[in-house]
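[1] need coordinates for the following:
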Amino acid sequence: MASTKSRPRPEIDYAQLLKEMSRLDLADRLLINRKGDLP
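    Numbering: from 1, shown residues only. A predicted model of the protein is given here:
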């Protein structure tokens with residue numbers, strides 16, 4: 001493939017991944033807490 005030369009090595013940025021996951025998890029918890037607070 002010619003596109004592989006221009007693209008960087010397919011390495012997972014674990015720091016970025018963790019940041020995204022923690023953000024999603026936090027948002028999920030906030031949503032759950034809000035739902036729990038509703039009567």
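
[2] Leu17: neighbouring residues, count only.
    10 (other CB atoms under 10 Å). From N, CA and C alone the C-beta is placed, and that goes for glycine too.

[3] just Asp28 next, same as before
    Under the criterion other CB under 10 Å, the count of neighbours that Asp28 has is 10.

[4] sec struct for Ile12, please.
    The three-state label for Ile12, taken from DSSP: H, G, I helix; E, B strand; the rest coil, comes out as coil.

[5] got the contact list for it?
    When the contact criterion is CB atoms under 8 Å, 6 or more residues apart in numbering, Ile12 has no partners at all.

[6] what's it sitting at in phi/psi?
    The phi and psi torsions at Ile12 (degrees, to the nearest 10) take the values phi -80, psi 130.

[7] where do the helices sit along this structure?
    Remark: helices assigned in the chain by DSSP state H are 3-6, 14-37.

[8] give the rounded mean pLDDT of the shortest one.
    This means helix 3-6. Regarding helix 3-6, the rounded mean pLDDT is 58.

[9] any idea how far Ser22 is from Asp37?
    Taking CB to CB, to the nearest Å as the measure, Ser22 falls 22 Å from Asp37.

[10] those two: which is more packed in?
    In terms of neighbours (other CB under 10 Å), Ser22 is the more surrounded of Ser22 and Asp37; the figures are 10 against 7.

[11] where does the prediction get shaky in the protein?
    Scanning the chain with the threshold set as pLDDT under 70 gives 1-10, 38-39.

[12] quick check: phi and psi at Asp13.
    Backbone dihedrals for Asp13, given as degrees, to the nearest 10, come out at phi -80, psi 90.

[13] how close does it get to Gly36?
    Separation of Asp13 from Gly36 (CB to CB): 34 Å.

[14] for Met21, same thing?
    Going from Met21 to Gly36 by CB to CB gives 22 Å.

[15] could you check which of those two has the larger neighbour count?
    Regarding Met21 and Gly36, a neighbour count based on other CB under 10 Å identifies Met21 as having more, with 11 against 7.

[16] what's near enough to touch Lys35?
    Under the criterion of CB under 8 Å, 6+ apart, Lys35 has no contact partners.
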